[in-house]
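> Return a 3D structure for these sequence lines:
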Amino acid sequence: MAIITWPTDNEVKIAFDAYALAVGRVAHSWNYLHERLGQLFVTVTGAKREIALAVWYTPVSDLLQRNLLKAAVTANVDHVWVEKPHRKEDIFWLLKEADLLSHRRNAAIHAPASLHVNSVADGGPEMGPAFWNGNPQAKKLFGKRLLDEFRLCERRAETLSEFSQFVDTALNFPEHGWPHRPKMPTLRT
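Reported below is the predicted structural model:
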């Protein structure tokens, strides 16, 4: 039988601080992604910036904002899509990846967490999902290390933000060339 010792107050503080920082980084990277998508929305619509952004910020849901961008890309019959249809496909890919990432982001932001007491060999105490009451977001994180999952979510949001910026730049300044779809980070890369 393994002997488990209760962590010190300092160990609890260290575990909680690492968790809180990781959640904050997920929130920041997600918010930045949506700001980049908003800029892309301005470009795709071709509307006056202030008007396009007023429309973009009207929905209170990130999903509805992404749907606005998808609708704008679909409705835009500009020559940039006709001459190079892969551009539209690349933006749809970007939005699909953001939709997939939203599930990880929602789990990171909305799952309750508590201190998990591990053995010293496992790295000591760390925050883990508080799944025992059946919270669906916490259940998605069962068996996963939160800091690893949250870092992956952050890196994927950063990758999508960068691609969105490159797409926006290419649409506004064609001489920059069209970007290649990025390889999405994994837990191993």
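
> List the buried residues of the longest helix along the chain.
Criterion DSSP state H: the longest helix present in the chain is helix 9-45. For helix 9-45, a neighbour-count test (16 or more other CB atoms under 10 Å) marks 11, 15-16, 19, 22-23, 25-27, 29-30, 33-34, 36-45 as buried. In short, each C-beta sits where N, CA and C put it, glycine included.

> Same question for stretch 90-110.
Here stretch 90-110 shows 90-91, 94-95, 97-98, 101-102, 104-108 as buried, counting by 16+ other CB under 10 Å.

> From these, pick the one nearest residue 159.
residue 97 (8.5 Å; CB to CB).

> what's the pLDDT at the closest one?
As predicted, residue 97 sits at a pLDDT of 98.

> Nearest spatial neighbour of it, chain-adjacent residues omitted?
residue 160 (5.7 Å; CB to CB, 6 or more residues apart in numbering).

> could you give the angle of the helix or strand that neighbour falls within to helix 9-45?
According to DSSP states H and E, residue 160 maps onto helix 146-172. Counting by axes from the mean of the first three to the mean of the last three CA atoms, to 10 degrees, helix 146-172 lies at 20 degrees to helix 9-45.

> distance between helix 146-172 and the chain's centre?
Per CA atoms, centre = their mean, to the nearest Å, the displacement of helix 146-172 from the mean C-alpha position of its chain is 7 Å.

> and the gap between residue 24 and residue 66?
22 Å (CB to CB, to the nearest Å).

> do the same with residue 5
Distance, residue 5 to residue 66, by CB to CB: 47 Å.

> Please apply the same query to residue 72.
11 Å.

> Likewise for residue 9?
Taking CB to CB, one finds residue 9 at 43 Å from residue 66.

> try residue 133
31 Å.

> Have a look at the two and say which one is more surrounded.
residue 66 (21 against 8; other CB atoms under 10 Å).

> so who does that one touch?
37, 95, 98-99 (CB atoms under 8 Å, 6 or more residues apart in numbering).

> what's the answer for residue 172, then?
Going by CB under 8 Å, 6+ apart, the list of residues near residue 172 reads residue 43.

> who are the neighbours of the helix or strand that residue 115 is a member of, in terms of helices and strands?
According to DSSP H and E, residue 115 maps onto strand 113-116. Counting by 3 or more CB pairs under 8 Å, 6 or more residues apart in numbering; DSSP states H and E, the packing neighbours recorded for strand 113-116 are helix 9-45, strand 126-129.

> pLDDT-wise, which helix or strand of the protein ranks last?
helix 79-83 (a mean of 75; mean pLDDT, DSSP states H and E).

> where's that helix relative to the chain centroid, distance-wise?
29 Å.

> Now do the following helix or strand past that helix: which elements does it pack against?
Next along the chain after helix 79-83, taking DSSP H and E as the criterion, comes helix 86-110. On a contact count with 3+ CB pairs under 8 Å, 6+ apart, helix 86-110 meets helix 9-45, helix 62-75, helix 79-83, helix 136-140, helix 146-172.

> Fine, thanks again, bye for now.
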